[in-house]
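>>> okay, here's the prediction I keep looking at, along with the sequence it came from:
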Amino acid sequence: MDEHKDQPEQPTNTPADEPTENGQLTLPGQIIQSISRVTRPMTVQTERERRPAAQASTAALRERITTLIATLGDPNHPLHQRAVEDLITIGPASVPQLCDMLNPQRPWLTAYRAAEALGRIGDGRAAGPLLDTLRHPNSNVRWSAVRALASVGDARALLELRRLARNDTGKTSWGESVSGAAQSVLDQMQDRNILLRGADLVKTAVACVFMLVALILAWTFVTALREEFRQISQITQAHEDLAPIVRTALPTPIPRATAVRPAVVPQATSSLLTPTPASNPDSPAIAPDAIIATVIASGNVRALPTRAQNNVIGSVNEGDEVLIIASTADRQWYRIALGERHASTSQINNQTQSGWVARSLLSPITAQVAIEDTAPTSIPTTITPAEPTALPAEEPTLTPSP
């Protein structure tokens with residue numbers, strides 16, 4: 001057991017290196033453990049050796065890029081002719097240093113060849129520096145930057161290229177027009193972005209369709225709302241038109257006097273209560289607002305509101321309905337006409353079919369009655385009184401109410 005104390009801890013993911021019941025490794029586990037002891041130092045040593053090698057390779061690549069870029073502006077350097085091709089072979093690793101060469105402070109030939117290399121590499125990181133190079137004071141550099149943007153340019157380059165196509169009058173040292181190159185690249189980019197423009201058109205068309213659908217829905221809603229309002233207005237107008245007809249068709253109640261009709265009628269006079277239609281066509285018509293009272297005691301009807309003997313022109317019987325036409329100022333006499341319900345023996349014999357009865361003959365009258373001036377001038381003597389049988393000679397006198 002002591003010989004295993006100094007052994008390193010073994011991985012637990014391999015079944016062969018699991019210990020047995022007595023705590024010792026199996027034979028396969030011992031073999032694997034021995035191999036691990038030998039290979040582990042070798043792996044650590046390999047990683048340590050690889051890191052400096054990678055760093056050395058990176059440094060060598062950076063140095064090579066620097067050398068190649070330095071030869072871009074030196075036509076006499078032996079690497080000048082192949083510098084652009086070598087930088088293109090290196091690829092994106094050379095893009096940052098190439099972008100630095102676009103600075104107007106660098107020789108124009110260096111910036112010209114750097115722009116050419118960036119255009120052929122086609123890395124998108126060069127789009128911004130190339131856009132700035134479009135304002136370079138040298139027309140050769142601007143021309144090279146325009147050609148490079150044909151590969152790496154984005155939507156931002158369209159405005160600058162349009163500006164150059166309109167305003168740049170410069171030409172390269174071999175006679176190429178910068179504005180012509182800008183227009184050519186602009187056309188190429190627009191043709192290349194035809195799908196993007198098509199997508200924009202599709203988006204615009206979809207937006208227009210949605211707006212049209214929204215307008216149709218809004219118009220449908222407004223039309224339905226206007227139809228609802230029109231139907232409501234028609235119903236309201238129909239109700240207003242029918243209102244006069246309905247009011248005319250409904251029976252108009254006849255106002256009654258507030259006098260209380262006797263609930264119990266004496267049996268002796270019940271025969272006088274048989275209603276008979278008015279036989280005289282000249283009887284006054286009952287106005288809708290007429291005041292109706294009830295005769296509570298049989299008595300005489302007089303031509304004038306006085307108890308003179310030659311003043312009687314008719315009679316009324318208990319239970320008759322009479323129309324109140326007017327009254328004296330002291331309300332002791334009322335001018336009446338026979339109503340629809342009256343006894344057959346009740347009558348008023350004069351041209352107006354109306355006469356005066358004492359207040360004591362009628363039920364209480366509380367309604368406002370017109371006052372009639374009854375100052376007696378002469379008592380008619382040509383009227384033959386028709387005194388009913390079994391009538392009192394004089395009307396009972398009531399004490400005027402205060």
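Arrived safely.

>>> return the residues in contact with E321.
Residues near E321 by C-beta atoms under 8 Å, 6 or more residues apart in numbering: I292, A293, T294, V295, L338, G339, E340, R341, H342. In this view, the C-beta of every residue, glycine as well, is placed from N, C-alpha and C.

>>> helix or strand right after the helix or strand encompassing Y334?
According to DSSP states H and E, Y334 maps onto strand 333-338. Moving toward the C-terminus from strand 333-338, the next helix or strand (DSSP H and E) is strand 347-348.

>>> from the contact counts, what lies against that following strand?
Secondary-structure packing of strand 347-348 (3 or more C-beta pairs under 8 Å, 6 or more residues apart in numbering; DSSP states H and E): strand 312-316, strand 333-338.

>>> do that again at 10 Å, thanks
Counting contacts by 3 or more C-beta pairs under 10 Å, 6 or more residues apart in numbering; DSSP states H and E, strand 347-348 is packed against strand 299-302, strand 312-316, strand 333-338, strand 354-358.

>>> mind checking how far the residue nearest to E321 when sequence neighbours are not counted is from T67?
Excluding its sequence neighbours, the residue lying closest to E321 (C-beta to C-beta, 6 or more residues apart in numbering) is G339, at 3.4 Å. To T67, G339 is 139 Å away according to C-beta to C-beta, to the nearest Å.

>>> the two: who's more crowded?
Legend: neighbour count by other C-beta atoms under 10 Å for G339 and T67, higher for G339 (22 against 13).

>>> and the next helix or strand past the helix or strand where T58 lies?
Assigned by DSSP H and E, T58 falls within helix 27-70. Downstream of helix 27-70, the next assigned helix or strand under DSSP H and E is helix 80-90.

>>> that next one packs against which elements?
If contacts are counted by 3+ C-beta pairs under 10 Å, 6+ apart, helix 80-90 sits against helix 27-70, helix 95-100, helix 108-121.

>>> out of those, which gets the lowest mean score?
For the helices and strands packed on helix 80-90, mean pLDDT drops lowest on helix 27-70, to a mean of 74.

>>> so where does E318 fall, helix or strand?
Following DSSP H and E, one finds E318 outside all helices and strands.

>>> and if you look at L186?
Counting by DSSP H and E, L186 is found in helix 178-192.

>>> and the helix or strand following that helix, what does it pack against?
Downstream of helix 178-192, the first helix or strand assigned by DSSP H and E is helix 194-249. Helices and strands touching helix 194-249, by 3+ C-beta pairs under 10 Å, 6+ apart, are helix 178-192.

>>> what does the helix it packs on contact?
Here helix 178-192 makes contact (C-beta atoms under 10 Å, 6 or more residues apart in numbering) with 134, 139-151, 153-155, 157-158, 160-172, 177, 196-197.

>>> I'd like to know which of those are buried.
The neighbour count (16 or more other C-beta atoms under 10 Å) marks 134, 139-151, 153, 157-158, 160-161, 164-165, 168, 171-172, 177 as buried among these.

>>> among these, which lie within helices?
When the buried ones among the contacts of helix 178-192 are checked against helices (DSSP state H), the matches are 139-151, 157-158, 160-161, 164-165.

>>> wait, T172 touches A145, no?
No: using C-beta atoms under 10 Å as the test, T172 is too far from A145 to be in contact (12.0 Å).

>>> T328 versus A157, what's the distance?
To T328, A157 is 117 Å away according to C-beta to C-beta.

>>> repeat that for Q351.
With the distance defined as C-beta to C-beta, Q351 ends up 21 Å from T328.

>>> looking at the two, which is more packed in?
Higher neighbour count among Q351 and T328: T328, with 17 against 6, using other C-beta under 10 Å.

>>> for that one, what are phi and psi?
Reported as degrees, to the nearest 10, the phi and psi values for T328 are phi -80, psi 170.

>>> ok, it - contacts?
P305, Y334, R335, W356, R359, V369, I371, E372, D373, T374.
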